[in-house]
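Novice: please find the sequence and the predicted model below.
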Amino acid sequence: MEHFLSLADLTPDELRRLLAQALELKAEWKAGGNRPILKGKTLGLLFQKPSLRTRVSFEMGMIHLGGQALYLSPFEIQLGKRESVPDVARVLSRYVDGIMARVFAHSDILTLAEYSSVPVINGLSDYNHPCQGLADFLTIIENKGVDLTGRKLAFIGDGNNVATSLLFGATLLGMDFTIAGPPGYELPADVWAQGERFAAISGSHITATYDPHAAVAEADVIYTDVWASMGQEDEAEERARIFLPYQVNEDLVAEAKPDVIVMHCLPAHRGQEITDGVCDGPHSVLWDQAENRMHAQKAILARLLA
Ligand code: CP
Ligand code: NVA
């Protein structure tokens, strides 16, 4: 049984193949539409948290490929509350051909995968966001080319789920990766150790700093995300103070390479981690990046369900 739970589960070749397939499916779609390779297939979309991009891009992706998706809101299944996670997996996988789940605890994704008889796709957990990561590297190779050797991604902000998937993707693909955030908000040690193992094979250079200016120097890509993720709302005020020096604004972007692209997984808290001027400015690729969620996920669906 094959699932899509973390970019770290992929080999560099598997990741490259998924990206190549995403590019093909995107070109096919732009040229008039995709072939119905998922005709008759169904995908359950199980959400414990809100979503715009993940929900809509998966639903539209399934429609484009000839299949159907079923949205299950946080109030419907109530994963682990109304029913145990293994029982949800056992039952839901009798009805659908694949399950996409967005959860709080990553352990719930692992349990779903363990007890499901159909492929499980991680649509974000507290640990990582691999669908986002795949779309992000699709966006990066569209802008910087497929060979990312010597290219530098600077992540400015919280060492969170999105940063984790970016570290894995960069180090699998041989791209340099730097993260800058305040003390106490670094990437988890096991995540960093995994990044180091991949980097030793691919030749990526990875560094962590508390200095956002050092991080963006010579950067080809600047990436940021919210300072308080879903589930951390009660820390939002404190984090807004602590992360203030890490705002991606026009001055910081001007310190990177002249052709730097700026990325954000969205939703953005404009005026906090990123300014209006950067979101809507000449370096922003935010809307292409959001669109690419759909193309990247079609490649995942094609691989797991076709
Ligand atoms: N980037 C992302 O996953 O967006 P949503 O939370 O809207 O799905
Ligand atoms: N780090 C954010 C990403 C949202 C797409 C969160 O987990 O809320």
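Specialist: Received the coordinates, thanks. Ligands and ions are numbered 1, 2, ... in the order given.
Novice: so for M1, what's the pLDDT?
Specialist: Predicted confidence (pLDDT) at M1: the value is 63.
Novice: same check, this time on H283
Specialist: Per-residue pLDDT puts H283 at 98.
Novice: which ones are touching it?
Specialist: Contacts for H283 (C-beta atoms under 8 Å, 6 or more residues apart in numbering) come out as 222, 253, 260-262. Glycine gets a C-beta too; all of them are placed from N, C-alpha and C.
Novice: chain neighbours aside, what residue packs nearest to it?
Specialist: Here the nearest residue to H283 in space, its sequence neighbours aside, is V262; by C-beta to C-beta, 6 or more residues apart in numbering that works out to 4.5 Å.
Novice: ok, which pair from the contacts of H283 is furthest apart?
Specialist: V253 and I261 (9.9 Å; C-beta to C-beta).
Novice: more crowded one of these two?
Specialist: A side-by-side neighbour count of V253 and I261, using other C-beta atoms under 10 Å, places I261 first with 25 against 22.
Novice: for I222, grab phi and psi.
Specialist: I222 has phi and psi values of phi -110, psi 130 when expressed as degrees, to the nearest 10.
Novice: what about the strands in this protein?
Specialist: Counting by DSSP state E, the chain has these strands, from start to end: 42-47, 68-72, 98-102, 120-122, 152-156, 176-180, 206-209, 221-224, 261-264.
Novice: which bits of the stretch 201-306 of the chain sit near ligand 1?
Specialist: 265-267 (C-beta under 6 Å from any ligand atom).
Novice: so which residue of the chain lies furthest out from the middle?
Specialist: Among the C-alpha atoms of the chain, the one most distant from their mean position (C-alpha atoms, centre = their mean) is that of R82, at 28.6 Å.
Novice: next up, the contacts around the residue of the stretch 201-306 of the chain found nearest ligand 1.
Specialist: Residue nearest to ligand 1 within the stretch 201-306 of the chain: C265 (4.0 Å; C-beta to the nearest ligand atom). Contacts here follow C-beta under 8 Å, 6+ apart; on that basis C265 touches 129, 132, 136, 162, 225, 289.
Novice: can you check T178 too?
Specialist: Contacts here follow C-beta under 8 Å, 6+ apart; on that basis T178 touches 152-155, 206-209, 214-215, 219.
Novice: count of neighbours near D108?
Specialist: Residue crowding around D108 was assessed by other C-beta under 10 Å; the count is 20.
Novice: what pLDDT does the residue nearest to it when sequence neighbours are not counted get?
Specialist: Distances taken as C-beta to C-beta, 6+ apart put V85 closest to D108, at 5.3 Å, once the chain neighbours are dropped. Looking at V85, its pLDDT stands at 98.
Novice: can you report how many residues neighbour V85?
Specialist: Burial of V85 is recorded as 22 neighbouring residues (other C-beta under 10 Å).
Novice: mind listing the helices for this structure?
Specialist: 12-30, 53-64, 85-95, 106-115, 130-144, 161-173, 189-202, 212-216, 236-242, 250-253, 276-279, 286-305 (DSSP state H).
Novice: for the stretch 51-200 of the chain, list the residues in contact with ligand 2, please.
Specialist: Within the stretch 51-200 of the chain, the residues that sit near ligand 2 (C-beta under 6 Å from any ligand atom) are 124, 160-162.
Novice: mind putting these into JSON lines with pLDDT, distance to V91 and neighbour count?
Specialist: Putting these into JSON lines (pLDDT from 0 to 100; distance: C-beta to C-beta, whole Å; neighbours: other C-beta atoms under 10 Å) gives the following:
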{"residue": "L124", "pLDDT": "98", "distance to V91": "23", "neighbour count": "29"}
{"residue": "N160", "pLDDT": "98", "distance to V91": "32", "neighbour count": "24"}
{"residue": "N161", "pLDDT": "98", "distance to V91": "27", "neighbour count": "24"}
{"residue": "V162", "pLDDT": "99", "distance to V91": "31", "neighbour count": "25"}
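Novice: from the residues you listed, which is closest to V103?
Specialist: Lowest distance from V103 to those (C-beta to C-beta) belongs to L124, with 7.7 Å.
Novice: quick check: bridge partners of the residue nearest to that closest one when sequence neighbours are not counted?
Specialist: Spatial nearest neighbour of L124, chain neighbours left out: R102 (4.8 Å); criterion: C-beta to C-beta, 6+ apart. Beta-bridge partners for R102, by DSSP bridges, are F47.
Novice: most centrally placed residue in the protein?
Specialist: Residue closest to the chain centre, computed by C-alpha atoms, centre = their mean, is Q132 at 2.0 Å.
Novice: can you give me the pLDDT of the closest residue to it other than its chain neighbours?
Specialist: Setting aside the residues directly before and after it, Q132 is nearest to C265 in space (C-beta to C-beta, 6+ apart), at 5.0 Å. Among the per-residue scores, C265 shows a pLDDT of 98.
Novice: distance of C265 relative to L286?
Specialist: Shown here: C265 relative to L286, a distance of 9 Å by C-beta to C-beta, to the nearest Å.
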